[in-house]
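Asker: next comes the sequence, and after it the predicted model I'd like to discuss.
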Amino acid sequence: MKRKLNRLHLILLLSFLGIFIWSGIKPKDYFTWLLEVFPAVIGLFVVLLTYNKFRLTSLVYILIWVHAVILVIGGHYTYAEMPLFSWLRDTFHLARNYYDRVGHLAQGFIPAIVTREILLRKSPLQKGKILSFIVVSICLAISASYEFFEWWVAEATGTAADAFLATQGDTWDTQWDMFLALCGAVLSLITLSKLHDNHLKQISEN
């Protein structure tokens, strides 16, 4: 039996679609835009296909929305040229545009709660250190897999993938990306686990 569409979830969906359409209007580079928004599009389809069969907590949907918006904004401007972070770089004499660092921090922060929810609701795992370890390990694996994807794209397309990689001359950019995803996952579990538990309790009571 289909459950009623949550108003908040509808707002998240419509606002994301609006931002997505904007991002596709004259982006910096269409090839880079396609690569950057691809994970968000896949995520959207998964959410829509599973919405009635396995509805997640509103906290998770909000986090997914945030991550998707980060991706499509990065696709529009490229991660190395996001205007706000270029202004921060120039104003505070920073070494680079740090928007890509935010993106990779989110790559661990958001999937951590998504993974935590799926494991708690669909596996025998209980809250505790083992669950946290597995969640962090999965997030790090996701980050490493994305780095593999960037590598394969670069090998296949050469310099056409420069904007997608957004290394900005940093030799250790790949390692930084995975480290920040790791930090994001740990930070997410520390700061959001109790809030997430409250949302899970609401799900179980309905």
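Answerer: Alright, I've got the coordinates. Numbering: from 1, shown residues only.

Asker: okay, CA-based contacts and neighbour counts for the rest of this
Answerer: Will do.

Asker: what residues sit buried inside the helix or strand containing residue 135?
Answerer: Per DSSP states H and E, residue 135 falls inside helix 129-157. Within helix 129-157, the residues that count as buried by 16 or more other Cα atoms under 10 Å are 131-132, 134-136, 138-144, 146-147, 150, 153-154.

Asker: I'd like to know how many residues surround the closest residue to residue 180 other than its chain neighbours.
Answerer: Leaving aside its chain neighbours, residue 180 sits nearest to residue 105 (4.8 Å; criterion: Cα to Cα, 6 or more residues apart in numbering). For residue 105, the neighbour count with other Cα atoms under 10 Å is 24.

Asker: same thing with the one 5 residues further on?
Answerer: Burial of residue 110, expressed as a neighbour count using other Cα under 10 Å, amounts to 24.

Asker: isn't it right up against residue 63?
Answerer: Yes - in this structure residue 110 lies within contact range of residue 63 using Cα atoms under 8 Å: 5.7 Å.

Asker: give me the residue at the spatial middle of the chain.
Answerer: Geometric centre of the chain, nearest residue: residue 67, 3.7 Å, by Cα atoms, centre = their mean.

Asker: wait, doesn't that one sit right on residue 108?
Answerer: No - look at residue 67 against residue 108 with Cα under 8 Å: they stay out of range, at 10.1 Å.

Asker: where do the helices sit along the chain?
Answerer: For the chain, applying DSSP state H gives helices covering 7-23, 30-50, 58-77, 83-91, 99-122, 129-157, 162-165, 173-205.

Asker: now the fourth one: buried residues?
Answerer: The neighbour-count criterion (16+ other Cα under 10 Å) identifies 85-86 as the buried residues of helix 83-91.

Asker: which residues touch it?
Answerer: 77, 94-99 (Cα atoms under 8 Å, 6 or more residues apart in numbering).

Asker: and these, which are buried?
Answerer: Here, 16+ other Cα under 10 Å leaves 77, 96-99 buried among these.

Asker: okay if I get the residues you listed as CSV plus distance to residue 199?
Answerer: Output for the buried ones among the contacts of helix 83-91, formatted as CSV (distance: Cα to Cα, whole Å):
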residue, distance to residue 199
77, 34
96, 38
97, 35
98, 32
99, 30
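
Asker: now, the most widely separated pair of those residues?
Answerer: Farthest apart among the buried ones among the contacts of helix 83-91 by Cα to Cα are 77 and 96. That separation is 15.0 Å.

Asker: point out where this protein drops to low pLDDT.
Answerer: Counting by pLDDT under 70, the ranges of the chain that qualify are 1-4, 159-167, 169, 205-206.
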